[in-house]
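> got a structure for you, letters missing:
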């Protein structure tokens, strides 16, 4: 969803809705707890932020040479 939000903004809302529904259903069926879903979201956002800081954010034109 983070990738789609940056590359394909029109698909971002649909993708985030899928993430939200998946999180709710995993809690409903007892596969995960609420903190599991919150923790995975925090971990994913932290990984994206760290990779952008370490590698540098590449623009839509492609990698810098």
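Nice, thanks for sending it over. Predicted model, so just to flag it, every value in this text is computed and none were measured. Numbering: from 1, shown residues only.

> and the lowest-mean-pLDDT helix or strand in the chain, what does it pack onto?
When each helix and strand of the chain is scored by mean pLDDT, DSSP states H and E, helix 2-7 comes last, with a mean of 85. For helix 2-7, the packing partners by 3 or more CB pairs under 8 Å, 6 or more residues apart in numbering; DSSP states H and E come out as helix 9-28, helix 34-55. Using the backbone N, CA and C atoms, a C-beta is placed for each residue, glycine as well.

> buried residues in it?
Using 16 or more other CB atoms under 10 Å as the test for burial, helix 2-7 gives residue 4.

> ok, residues contacting it?
11, 12, 15, 16, 44, 45, 48, 60 (CB atoms under 8 Å, 6 or more residues apart in numbering).

> Recalculate using a threshold of 7 Å.
Here helix 2-7 makes contact (CB atoms under 7 Å, 6 or more residues apart in numbering) with 11, 12, 15, 44, 48.

> Got a ChimeraX select line for the buried ones in those?
Selection of buried members from the contacts of helix 2-7 for ChimeraX, criterion 16+ other CB under 10 Å:
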select :12
